[in-house]
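Novice: one predicted model, sequence on top.
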Amino acid sequence: MYSKGEREKAIRLHIKYDKCTADMIRKLGYPDRKTLISWYKIFLETGLF
């Protein structure tokens, strides 16, 4: 399970790298593509990390 801070960092990098999932995952080493997309969708719907 990832902490709120880890999720926030991943989402911010996902946005920074213009939603290039592979680059972001390569930089952090986590999460997998499916998980990141799920986190990002939740962020877009709620505005929360």
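Specialist: Done, it's in.
Novice: got the contact list for the helix-or-strand element of the chain with minimal mean pLDDT?
Specialist: Between all helices and strands in the chain, the lowest mean by mean pLDDT, DSSP states H and E belongs to helix 21-28, at a mean of 87. Counting by CB atoms under 8 Å, 6 or more residues apart in numbering, helix 21-28 makes contact with Lys9, Ala10, Leu13, His14, Lys16, Tyr17, Pro31, Asp32, Arg33, Leu36, Ile37, all of which sit outside it. All C-beta spots, glycine's among them, are computed from the backbone N, C-alpha and C.
Novice: for stretch 41-49, same thing?
Specialist: By CB under 8 Å, 6+ apart, the surrounding residues in contact with stretch 41-49 are Lys4, Arg7, Glu8, Ile11, Trp39.
Novice: for that stretch, which positions count as buried?
Specialist: Phe43 (16 or more other CB atoms under 10 Å).
Novice: format the contacts of helix 21-28 as JSON lines; extra columns: neighbour count, secondary structure and distance to Glu45.
Specialist: Converted to JSON lines, the contacts of helix 21-28 look like this (neighbours: other CB atoms under 10 Å; DSSP: H, G, I helix; E, B strand; the rest coil; distance: CB to CB, whole Å):
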{"residue": "Lys9", "neighbour count": "17", "secondary structure": "helix", "distance to Glu45": "19"}
{"residue": "Ala10", "neighbour count": "24", "secondary structure": "helix", "distance to Glu45": "17"}
{"residue": "Leu13", "neighbour count": "16", "secondary structure": "helix", "distance to Glu45": "19"}
{"residue": "His14", "neighbour count": "21", "secondary structure": "helix", "distance to Glu45": "15"}
{"residue": "Lys16", "neighbour count": "12", "secondary structure": "helix", "distance to Glu45": "20"}
{"residue": "Tyr17", "neighbour count": "15", "secondary structure": "coil", "distance to Glu45": "21"}
{"residue": "Pro31", "neighbour count": "18", "secondary structure": "coil", "distance to Glu45": "18"}
{"residue": "Asp32", "neighbour count": "10", "secondary structure": "coil", "distance to Glu45": "20"}
{"residue": "Arg33", "neighbour count": "11", "secondary structure": "helix", "distance to Glu45": "19"}
{"residue": "Leu36", "neighbour count": "21", "secondary structure": "helix", "distance to Glu45": "15"}
{"residue": "Ile37", "neighbour count": "14", "secondary structure": "helix", "distance to Glu45": "13"}
